[in-house]
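Student: this is a predicted model, with the sequence first.
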Amino acid sequence: MARRPELEEATPWKLADHPRLGKGKVVGVVVLDGWGEAPPDPFNCIHVADTPTMDALRKGAPERWRLIKAHGTAVGLPTDDDMGNSEVGHNALGAGQIYAQGAKLVDLALASGKIYEGEGFKYIQQSFETGTLHLIGLLSDGGVHSRIDQLQLLLKGASEHGAKRIRVHILTDGRDVLDGSSVAFVETLENDLAKLREKGVDARVASGGGRMYVTMDRYENDWQVVKRGWDAQVLGEAPHKFKNALEAVKALREDPKANDQYLPPFVVVDETGKPVGPIMDGDAVVTFNFRADRMVMLAKALEYETFDKFDRVRFPKIRYAGMLQYDGELKLPSHYLVAPPEIERTSGEYLAHNGIRTYACSETVKFGHVTFFWNGNRSGFFNSNLEKYEEIPSDTGIPFNEQPKMKAVEVAEKAKDAILSGKFDQVRVNIPNGDMVGHTGDLEATIIGCKAVDEAVKIILDAIEQVGGIFVVTSDHGNAEDMVKRDKSGEPIRSKDGNVQPLTSHTLNPVPIAIGGPGLASGARFRKDLADAGLANVAATVMNLHGFEAPGHYEPTLIES
Ligand SMILES: O=C(O)[C@H](O)COP(=O)(O)O
Ligand SMILES: [Mn+2]
Ligand SMILES: [Mn+2]
């Protein structure tokens with residue numbers, strides 16, 4: 001990633017000693033994914049669950065417990081109506097600075113029209129004369145991985161800039177938005193495509209499937225997910241065939257067990273049964289998600305000549321561009337429509353320059369969160385002599401409400417070993433249950449998941465106690481603390497038969513942060529002047545706990561000086 005030379009000169013890597021907080025204590029940094037703060041309520045699974053460890057942090061030391069913002073502009077999203085998410089949350093936690101994030105950068109590039117002047121668009125444009133433009137991505141207004149209004153603008157803009165034949169490969173959501181909303185999003189898209197056809201552009205949906213079952217796996221948890229998408233999108237093969245996407249989504253949802261997240265793959269076929277839009281030699285492909293984690297695997301399959309994760313059967317010669325470049329270190333994909341945020345001088349890089357030995361761990365589904373996202377969307381180490389990253393394999397092939405305890409205890413045991421080993425100064429983990437089980441909308445399972453999280457926190461805090469260390473327990477955004485769709489007054493919306501609609505998405509709620517442990521200087525406590533503090537204030541806080549002053553361009557520390 002490009003560096004800002006003025007920053008290099010103004011801020012040296014060497015950090016000044018903190019005047020009051022000493023060095024040499026192990027700092028345990030625990031991120032509880034999807035663990036927000038909301039009033040007690042039967043749909044607040046964190047409140048309902050038995051969580052004695054987390055309760056004690058709040059009640060035991062109120063001057064070392066507070067709430068911080070985890071959504072909207074506090075984490076670089078376009079507006080304060082945007083809920084937080086793992087990417088922007090961990091970016092802010094690790095980088096200590098607030099960057100305009102992908103969602104906003106794409107908005108700006110589309111609004112100004114600059115997207116069409118960039119290298120990425122000019123590259124794919126070369127296919128427009130004789131080839132098809134394929135757009136693959138998540139179809140919703142969730143704003144976490146993509147947004148339908150951005151797709152709409154891109155469809156219009158691409159056709160105005162020469163695309164004559166367009167095929168959209170949709171992934172239904174139901175995770176960042178309500179389950180069942182896929183039908184309305186498909187209707188909107190079909191209307192737009194019909195309008196394009198009136199203008200002489202041959203534009204159609206070609207394939208689809210639910211995001212969690214088709215294409216959008218992450219961190220190489222299950223390549224079969226990407227393969228299912230590949231078969232439909234590239235080969236034009238799927239177990240279900242329909243005349244159009246609306247019919248497909250409506251019919252597939254009729255199965256009582258079906259939901260948007262896990263819809264099976266389908267292809268759209270013509271009157272003769274032929275798929276209308278497999279990806280062929282000479283075509284252009286754009287993956288229109290701006291967020292990286294769940295597009296990197298498909299990007300590899302589309303871009304890498306050598307590839308052994310599944311049998312691609314056919315590897316079409318295409319011009320491929322990502323909405324953004326998803327991995328700055330791997331330079332993947334090599335072509336992209338919008339330059340990603342240049343997240344630089346993260347706390348991990350500073351601490352590596354200052355000799356801090358770091359251990360980071362999570363299970364597969366969140367492994368990249370405490371490594372890749374934490375380090376500013378950078379894969380690999382800053383200093384491999386000082387860092388160790390460990391991944392516990394996640395369950396595959398099941399929705400997480402079936403195993404709601406996930407690997408919380410296993411991750412905590414690894415953290416405990418790392419803390420007790422004396423080999424690390426920082427031990428950083430992500431415990432996923434609040435988020436991953438929360439996304440299923442299953443209240444009972446989420447309550448079990450939250451209890452498992454609390455048990456994991458206890459294991460880590462006990463180890464910190466044993467070595468005289470310091471802990472920081474926080475989260476990246478809300479999820480499990482509110483599991484129901486509410487009206488404007490905050491009341492759960494009930495259907496005529498009294499049923500509520502589960503909220504599978506993240507929330508706008510703040511998240512807690514607690515500090516403590518025997519190694520924390522007596523009298524150290526949170527300052528009272530930063531009412532609007534957010535996740536980006538955590539990095540400076542952690543640097544202080546390692547005995548360093550934070551760099552001047554970081555968001556201020558939460559600790560009173
Ligand atoms: O990718 C996902 O699972 C959801 O869209 C967002 O969840 P995360 O931001 O917690 O990963
Ligand atoms: Mn998260
Ligand atoms: Mn989530």
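Tutor: Happy to help now that I have it. Ligands and ions are numbered 1, 2, ... in the order given.
Student: would you mind listing what in the stretch 151-300 of the chain touches ligand 1?
Tutor: Applying C-beta under 6 Å from any ligand atom, we find that the stretch 151-300 of the chain lies next to ligand 1 at Arg175, Asp176, Arg294. Glycine gets a C-beta too; all of them are placed from N, C-alpha and C.
Student: dump the residues you listed to TSV, plus pLDDT, neighbour count and secondary structure.
Tutor: Output for those, formatted as TSV (pLDDT from 0 to 100; neighbours: other C-beta atoms under 10 Å; DSSP: H, G, I helix; E, B strand; the rest coil):
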residue	pLDDT	neighbour count	secondary structure
Arg175	98	26	coil
Asp176	98	23	coil
Arg294	98	26	coil
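Student: and of those, the nearest to His18?
Tutor: Arg294 (38.5 Å; C-beta to C-beta).
Student: now do the same contact list for the closest one.
Tutor: For Arg294, the residues meeting the contact criterion (C-beta atoms under 8 Å, 6 or more residues apart in numbering) are Leu138, His145, Arg211, Thr215, Met216, Asp217, Arg218.
Student: just how off-centre is the helix or strand containing Val106 within its chain?
Tutor: For Val106, the host element (DSSP states H and E) is helix 102-112. Using C-alpha atoms, centre = their mean, to the nearest Å, we find the averaged C-alpha position of helix 102-112 to lie 19 Å away from the chain's own average C-alpha position.
Student: residues touching the next helix or strand after that helix, excluding its own?
Tutor: Sequence-wise, the next helix or strand downstream of helix 102-112 (DSSP H and E) is helix 119-125. Contacts made with helix 119-125 from outside it, assessed by C-beta under 8 Å, 6+ apart, are listed as 115, 133, 161-162, 284-286, 319-322, 335-338.
Student: quick one: which of those is nearest Ile447?
Tutor: Gly322 (38.2 Å).
Student: quick check: that closest one is in a strand.
Tutor: Yes - Gly322 sits within a strand when classified using DSSP: H, G, I helix; E, B strand; the rest coil.
Student: contacts only, for it.
Tutor: Applying C-beta under 8 Å, 6+ apart to Gly322 gives the contacts Gly120, Val286, Thr287, Met295, Ala299, Leu332, Pro333, His335, Tyr336, Leu337.
Student: the second one: neighbour count?
Tutor: I take that to be Val286. A count of neighbours around Val286, defined by other C-beta atoms under 10 Å, yields 25.
Student: my read: it touches Leu155, true?
Tutor: No - counting by C-beta atoms under 8 Å, no contact exists between Val286 and Leu155, whose distance comes to 10.5 Å.
Student: now do the shared contacts for the two.
Tutor: By the contact definition C-beta under 8 Å, 6+ apart, Val286 and Leu155 are jointly contacted by Leu135.
Student: quick one: whatever residue of the stretch 451-561 of the chain ends up closest to ligand 2 and Asn509, what's the gap?
Tutor: Among the residues of the stretch 451-561 of the chain, Asp476 lies nearest to ligand 2; the distance is 4.3 Å by C-beta to the ion. When C-beta to C-beta, to the nearest Å is applied, the distance between Asp476 and Asn509 equals 12 Å.
Student: before we move on, what about Lys241?
Tutor: Looking at Lys241 against Asn509, where the rule is C-beta to C-beta, the gap reads 43 Å.
Student: neighbour count winner among those two?
Tutor: Comparing Lys241 with Asn509 by neighbour count (other C-beta under 10 Å), the higher total belongs to Asn509, at 23 against 15.
Student: dump the residue contacts of that one.
Tutor: Counting by C-beta under 8 Å, 6+ apart, Asn509 touches Gly36, Glu37, Ala38, Ala70, His71, Gly478, Glu481, Asp482.
Student: over to Gly355?
Tutor: Here Gly355 is in contact with Leu386 (criterion: C-beta under 8 Å, 6+ apart).
Student: and it, what element?
Tutor: In this structure, Gly355 sits in neither a helix nor a strand according to DSSP H and E.
Student: for ligand 1, what is the nearest residue in the stretch 251-400 of the chain?
Tutor: Ligand 1 sits closest to Arg294 of the stretch 251-400 of the chain, with a gap of 5.6 Å, by C-beta to the nearest ligand atom.
Student: what's the neighbour count on the closest residue to Phe382 other than its chain neighbours?
Tutor: What sits nearest to Phe382 in space, not counting adjacent residues and going by C-beta to C-beta, 6 or more residues apart in numbering, is Ala352, at 3.9 Å. Residues within reach of Ala352, counting by other C-beta under 10 Å, total 21.
Student: cool, Thr504 as well?
Tutor: Other residues near Thr504 number 23, with proximity taken as other C-beta under 10 Å.
Student: quick revisit: let me know the closest of the contacts of Asn509 to Asn259.
Tutor: The shortest separation between Asn259 and any of the contacts of Asn509 is 19.2 Å, and it belongs to Asp482 (by C-beta to C-beta).
Student: check contacts around that closest one.
Tutor: Taking C-beta under 8 Å, 6+ apart as the contact definition, Asp482 lies against Gly36, Ala38, Asp41, Phe43, Asn44, Leu503, Thr507, Asn509.
Student: and the second one, that one's in a strand?
Tutor: No - in this structure, Ala38 is coil, not part of a strand, as judged by three-state DSSP.
Student: count the residues that sit near the residue found closest to it once you drop the neighbours it is linked to in the chain.
Tutor: Nearest-residue entry for Ala38: Glu481, 4.1 Å, with adjacent residues in sequence omitted and distances by C-beta to C-beta, 6+ apart. Under the neighbour criterion other C-beta under 10 Å, Glu481 is assigned a count of 28.
Student: hang on, isn't Glu481 packed against Thr507?
Tutor: Yes - in terms of C-beta under 8 Å, Glu481 counts as a neighbour of Thr507; the distance is 6.9 Å.
Student: find residues that contact each of the two.
Tutor: With the criterion set as C-beta under 8 Å, 6+ apart, the overlap between the contacts of Glu481 and Thr507 is Gly36, Ala38.
Student: relative orientation of the one helix or strand Ala158 maps to and helix 102-112 in degrees?
Tutor: Here Ala158 is covered by helix 148-160, with elements defined by DSSP H and E. Here the directions of helix 148-160 and helix 102-112 differ by 40 degrees (axes from the mean of the first three to the mean of the last three C-alpha atoms, to 10 degrees).
Student: got the CA positions of the helix or strand just after helix 148-160 in PDB?
Tutor: Later in the chain than helix 148-160, the nearest helix or strand by DSSP H and E is strand 165-172. Extracted as PDB, the C-alpha positions of strand 165-172 are listed here (Å, rounded to 0.1, in the frame of the first residue of the first chain):
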ATOM      1  CA  ARG A 165     -24.700  -7.600 -22.600                       C
ATOM      2  CA  ILE A 166     -24.800  -7.900 -18.800                       C
ATOM      3  CA  ARG A 167     -25.400 -10.800 -16.500                       C
ATOM      4  CA  VAL A 168     -25.900 -10.500 -12.800                       C
ATOM      5  CA  HIS A 169     -25.100 -13.400 -10.500                       C
ATOM      6  CA  ILE A 170     -26.900 -12.700  -7.200                       C
ATOM      7  CA  LEU A 171     -26.200 -13.900  -3.700                       C
ATOM      8  CA  THR A 172     -29.200 -13.500  -1.400                       C
END
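Student: give me the pLDDT for whichever residue of the chain sits closest to ligand 2.
Tutor: For the chain and ligand 2, the shortest gap (C-beta to the ion) falls at Ser86, measuring 3.1 Å. Here the pLDDT value assigned to Ser86 is 97.
Student: cool, thanks, signing off.
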